[in-house]
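Trainee: prediction below, plus the sequence it came from.
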Amino acid sequence: MIGNTGSSTKVLTFIEAKLLRGSNVVIPHGYTEIDQLAFFNRLDIETVLIPDSVTLVNAKAFSLCKNLTNINIPKSVTHIGESAFWGCEKLNSITLPDAITSIAENAFKWCPNLHVLCSPTSYAYQYFYGHHHQQHHKQSEIVSLFTQEWFNLACKEFIALDIETTGLNRNSDYILEVAVIKYQNSIEVDKFVTLINPKVPIPSSAIAIHGITNKMVQNSPTIDTVIPQLLNFLGNHLLVGHYVNFDIGFIEVWAKQLGHTAKWNYIDTISVAKKMLPGLPNYKLKTVLDAIDYKQVNYHRAEDDCKGCAEIMKKSINHLNSDFLHVK
């Protein structure tokens, strides 16, 4: 009999998986587990058909199968191991059954094109979309420039922050660029700016917005290197940005994943602009900067957007400094 057997267990091993060749792999019926590393780094595989006898997909079973686009997870599967599909860059739609009761850490990490289908009442749904997996409640707190305490602090020092990403979901997308610029008495005194290699392909939809390409980031540091440097720079300073809740949310999520605590007070320049410049058609960064006659060359690049946000702050501080009590 092929496979390692127990009374009711038949494991598809790495050696046996090597015998299943070709781009379309059909695993024979009868196996109950797919072993650790069984198909690890198999670049020849594009589709996999798993029989309904399988209950366990073990750790790294399909890790780095970079050309794998389609795989079925049968109703019999109850457990998916750690990093089981880690780095399957082309894996797209996948349906997870209600029978699943355990999905280990990083099981689907670095799968940028993955769309998961599952029942709203299932464990898988909670893992991907609910509180079980990567659900993050932002720790940082918004404060108002229009109070004496925060106005006084902003006059002395603040850090402008902006990031660019692969998408809008802080739980599944990646940071591509970060810029933080420190201002003291409204004068730039220090900055930290870097591109980040996400180790996944950058979607064309994201490139169309910020222009950051795969080639541009290929020699850049990865997020695990950047986050400690970024947190060290930020310290516990007052942060400022345009819709900065987005940027801080991403940074908090990645900091948490890497074992760091991140929490700041922050001012959103959208709120500042709405107060100082009522009646604008919208409060996009370009619209606000045009209204204050600041000419920014590049938009949706982190350092330039930081400097634009800082201009909004400086204009507002100057206005409030001369007439603070009259701003309600």
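Mentor: In hand now; what should we look at? Numbers count the residues shown, from 1 in each chain.
Trainee: contacts, neighbours, all on C-alpha from now
Mentor: Fine.
Trainee: what segments of the chain are helices?
Mentor: Counting by DSSP state H, the chain has helices at residues 14-18, 123-129, 148-156, 204-210, 214-217, 223-234, 244-257, 269-276, 285-291, 302-323.
Trainee: what's around A208, how many residues?
Mentor: Using other CA atoms under 10 Å, A208 is surrounded by 10 other residues.
Trainee: so how far is T165 from it?
Mentor: According to CA to CA, to the nearest Å, A208 stands 12 Å off from T165.
Trainee: and E311, what does it touch?
Mentor: Counting by CA atoms under 8 Å, 6 or more residues apart in numbering, E311 touches L289, Y294.
Trainee: rerun that using 10 Å as the cut-off
Mentor: A160, S186, T269, L289, I292, D293, Y294, D305, I317 (CA atoms under 10 Å, 6 or more residues apart in numbering).
Trainee: rewinding a little: got JSON lines for the helices of the chain, with distance to I181 and mean pLDDT too?
Mentor: Converted to JSON lines, the helices of the chain look like this (distance: least, CA to CA, whole Å; pLDDT from 0 to 100):
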{"stretch": "helix 14-18", "distance to I181": "50", "mean pLDDT": "95"}
{"stretch": "helix 123-129", "distance to I181": "34", "mean pLDDT": "77"}
{"stretch": "helix 148-156", "distance to I181": "14", "mean pLDDT": "91"}
{"stretch": "helix 204-210", "distance to I181": "19", "mean pLDDT": "89"}
{"stretch": "helix 214-217", "distance to I181": "21", "mean pLDDT": "96"}
{"stretch": "helix 223-234", "distance to I181": "9", "mean pLDDT": "96"}
{"stretch": "helix 244-257", "distance to I181": "14", "mean pLDDT": "90"}
{"stretch": "helix 269-276", "distance to I181": "15", "mean pLDDT": "91"}
{"stretch": "helix 285-291", "distance to I181": "17", "mean pLDDT": "94"}
{"stretch": "helix 302-323", "distance to I181": "7", "mean pLDDT": "89"}
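Trainee: could I get these as CSV with distance to N171?
Mentor: As requested, the helices of the chain are exported to CSV (distance: least, CA to CA, whole Å):
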stretch, distance to N171
helix 14-18, 32
helix 123-129, 9
helix 148-156, 30
helix 204-210, 16
helix 214-217, 21
helix 223-234, 14
helix 244-257, 7
helix 269-276, 24
helix 285-291, 25
helix 302-323, 20
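Trainee: for P112, find the nearest of those helices.
Mentor: Nearest to P112 among those is helix 204-210; the distance by CA to CA comes to 12.2 Å.
Trainee: which helices and strands does that closest one pack with?
Mentor: strand 157-165 (3 or more CA pairs under 10 Å, 6 or more residues apart in numbering; DSSP states H and E).
Trainee: partner strands of the strand it packs on, with direction?
Mentor: strand 175-184 (antiparallel), strand 239-241 (parallel) (DSSP bridges).
Trainee: tell me, how many neighbours does E177 end up with?
Mentor: E177 has 25 neighbouring residues, counting by other CA under 10 Å.
Trainee: gap between it and D305?
Mentor: Distance from E177 to D305, by CA to CA: 12 Å.
Trainee: what is in contact with these two at once?
Mentor: Common neighbours of E177 and D305 (criterion: CA under 10 Å, 6+ apart): D162, I163.
Trainee: okay, the strands paired with strand 157-165, which one's buried deepest?
Mentor: Here the criterion is mean neighbour count by mean count of other CA atoms under 10 Å, and of those the winner is strand 239-241, at a mean of 28.
Trainee: which residues are contacting that strand?
Mentor: Contacts of strand 239-241 (CA under 10 Å, 6+ apart): 140, 142-143, 154, 157-163, 180-182, 247-248, 264-270, 285, 305-310, 312-313.
Trainee: contact partners of stretch 222-233?
Mentor: By CA under 10 Å, 6+ apart, stretch 222-233 touches 159, 174-182, 190-199, 220, 234, 251-252, 254-255, 257-263.
Trainee: how about the strands in the stretch 1-150 of the chain?
Mentor: For the stretch 1-150 of the chain, the strands defined by DSSP state E, counting those that start in this stretch cover 4-5, 10-12, 24-26, 33-34, 47-49, 56-57, 70-71, 79-80, 93-95, 102-103, 115-117, 141-142.
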